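J.: I need the structure of the sequence given here:
(one chain, ligands or ions: 2)
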Amino acid sequence: MEEEDECPELVPIKEENVGPTAQIPVTIITGYLGAGKTTLLNYILTEQHNKRIAVILNEFGEGSALEKSLAVSQAGELYEEWLELRNGCLCCSVKDNGLKAIENLMEKKGKFDYILLETTGLADPGAVASMFWVDAELGSDVYLDGIVTVIDAKYGMQHIIEEKPEGLVNEAARQIALADLTIINKTDLVNDTELGQLRDAVRSINGLVKILETQKSRVDLSQVLDLHSFDTKDGVRLAEKMQLVRSNHAHLDKTMLTVTFEVPGSVSEELLNIFIQNLLWEKSIKNEAGLPMTVIRLKGIISFQQKQKKVMLQGVHELYELDDTPELWADQEPRINRVIFIGRNLDGEILKKEFISAVSNNQSLE
Ligand SMILES: Nc1nc2c(ncn2[C@@H]2O[C@H](COP(=O)(O)OP(=O)(O)OP(=O)(O)O)[C@@H](O)[C@H]2O)c(=O)[nH]1
Ligand SMILES: [Zn+2]
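T.: Numbering: from 1, shown residues only. Ligands and ions are numbered 1, 2, ... in the order given. Below is the predicted model:
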């Protein structure tokens with residue numbers, strides 16, 4: 001696995017004004033090899049629900065050919081067809097063919113209400129997420145609802161702390177870092193102490209993520225589907241959740257973790273964009289050891305100068321967007337920027353200082 005994904009283009013996303021009602025949610029289901037992703041999909045497909053769900057499985061077949069299975073669950077029936085995909089960069093193959101596959105499927109079977117996409121255990125869900133988040137052609141039909149990471153209760157810890165050779169990413173940790181929801185599965189195989197340790201490890205990587213615990217991936221569907229993790233509708237809840245998040249400090253340079261800060265005042269939109277681009281694209285913000293901070297997930301609520309609405313900041317890898325939420329800053333409400341960064345080589349104190357010096361134009365922040 002290469003550390004850098006070459007596919008995503010470095011452009012901020014401008015969201016078209018399309019009503020979410022018309023769009024089909026996509027939930028990305030990721031997790032390390034054997035964690036219980038397929039078990040989860042099967043469970044969702046067979047559970048009672050009123051949705052017509054399309055499932056896309058991304059698996060490596062024999063040899064290097066990538067195969068994709070498509071199934072539509074409708075009234076208990078399971079349609080399935082296989083699509084052969086070309087070889088090549090996983091992210092590009094999945095991108096081109098994944099979208100085409102969905103279009104084909106919709107043409108053949110008509111529209112459905114929900115798409116579940118299982119990535120291979122070693123895939124970078126960030127690349128897959130980016131394609132749904134960004135795609136202009138399908139943008140009016142599909143939106144990214146959330147990233148769900150299934151974790152093996154017994155072997156998850158081992159995967160998270162595994163040391164990777166220089167330049168390689170720990171995929172298990174990255175999948176947790178990117179997640180909106182984690183499901184710790186196979187709890188039958190561990191005791192309470194082990195489970196608690198794993199929960200703490202997950203929490204220290206991703207301070208925002210919701211954690212469920214299951215056996216055989218049996219979850220309450222309402223906790224998994226329709227999360228709206230990337231919508232501005234989530235803005236109010238996000239602001240509340242962020243207040244509970246605490247910064248972590250790395251034990252090792254490579255540790256994936258969450259840092260957060262609050263900065264009172266209102267910032268310049270232009271300067272904030274430059275700050276984010278320096279951080280995400282130029283990677284010019286470094287920690288004490290001189291290593292570039294690598295952010296793979298970013299969330300925030302921002303107060304812009306001369307703007308009444310609260311603005312939501314979202315980022316996945318190099319992609320980010322700034323969108324107005326429906327919420328206004330109330331007259332008496334103190335204006336505070338709250339940002340959460342998840343990634344590697346992060347230092348919350350340094351990031352905060354860099355943020356303040358970057359976004360305050362000649363006036364003070366207040
Ligand atoms: N003991 C136990 N086994 C489980 C549980 N959930 C799933 N399994 C088993 O774990 C194995 C892997 O489950 P899958 O759902 O195929 O895992 P996956 O993440 O889709 O695996 P890959 O696609 O190969 O990465 C299967 O044999 C499951 O029956 C659980 O809660 N407890
Ligand atoms: Zn599977």
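
J.: Would you mind naming what in this protein lies close to ligand 2?
T.: Near ligand 2, the residues belonging to the chain are 37-38 when assessed by Cβ under 5 Å from the ion. C-beta here means a position set from N, CA and C on the backbone, and glycine is covered the same way.

J.: So, low pLDDT: which residues of the chain?
T.: 1-22, 57-111, 121-122, 134-141, 234-235, 250-254, 361-366 (pLDDT under 70).

J.: So for it, the centremost residue is which one?
T.: Leu178 (3.9 Å; Cα atoms, centre = their mean).

J.: thinking that residue is in contact with Val295, fair?
T.: No - under the contact definition of Cβ atoms under 8 Å, Leu178 does not touch Val295, with a separation of 11.2 Å.

J.: Now do the shared contacts for these two.
T.: Shared contacts of Leu178 and Val295, defined by Cβ atoms under 8 Å, 6 or more residues apart in numbering, comprise Ile342.

J.: Count the residues that sit near the residue in the stretch 101-250 of the chain that ligand 2 sits nearest to.
T.: Each residue of the stretch 101-250 of the chain has a distance to ligand 2, by Cβ to the ion, and the smallest belongs to Glu118, at 5.8 Å. Applying the criterion other Cβ atoms under 10 Å, we find 23 residues in the vicinity of Glu118.

J.: what bridges to it?
T.: Listed beta-bridge partners, Glu118: Ile29, Leu57 (assigned using DSSP bridges).

J.: contacting residues for the spatially closest residue to Thr232 that is not a sequence neighbour?
T.: Counting by Cβ to Cβ, 6 or more residues apart in numbering, Thr325 is the residue found nearest to Thr232 once chain neighbours are left out, at 4.3 Å. For Thr325, the residues meeting the contact criterion (Cβ under 8 Å, 6+ apart) are 232-233, 235-236, 301, 309-312.

J.: let's see 10 Å
T.: When contacts are counted by Cβ atoms under 10 Å, 6 or more residues apart in numbering, Thr325 touches 231-236, 238-239, 301-302, 309-312.

J.: ok but it is inside a strand, no?
T.: Yes - under the criterion used here (DSSP: H, G, I helix; E, B strand; the rest coil), Thr325 sits inside a strand.

J.: separation between it and Gly290?
T.: 37 Å (Cβ to Cβ, to the nearest Å).

J.: Next: Glu262.
T.: Distance of Glu262 to Gly290, given as Cβ to Cβ: 26 Å.

J.: Contact residues of the stretch 101-250 of the chain facing ligand 1?
T.: Of all the residues in the stretch 101-250 of the chain, those in contact range of ligand 1 (Cβ under 6 Å from any ligand atom) are 121, 150, 185-186, 188-189, 215-217.

J.: Among those, list the two that are farthest apart in space.
T.: Using Cβ to Cβ, the pair of those lying farthest apart is Gly121 and Asp188, separated by 20.6 Å.
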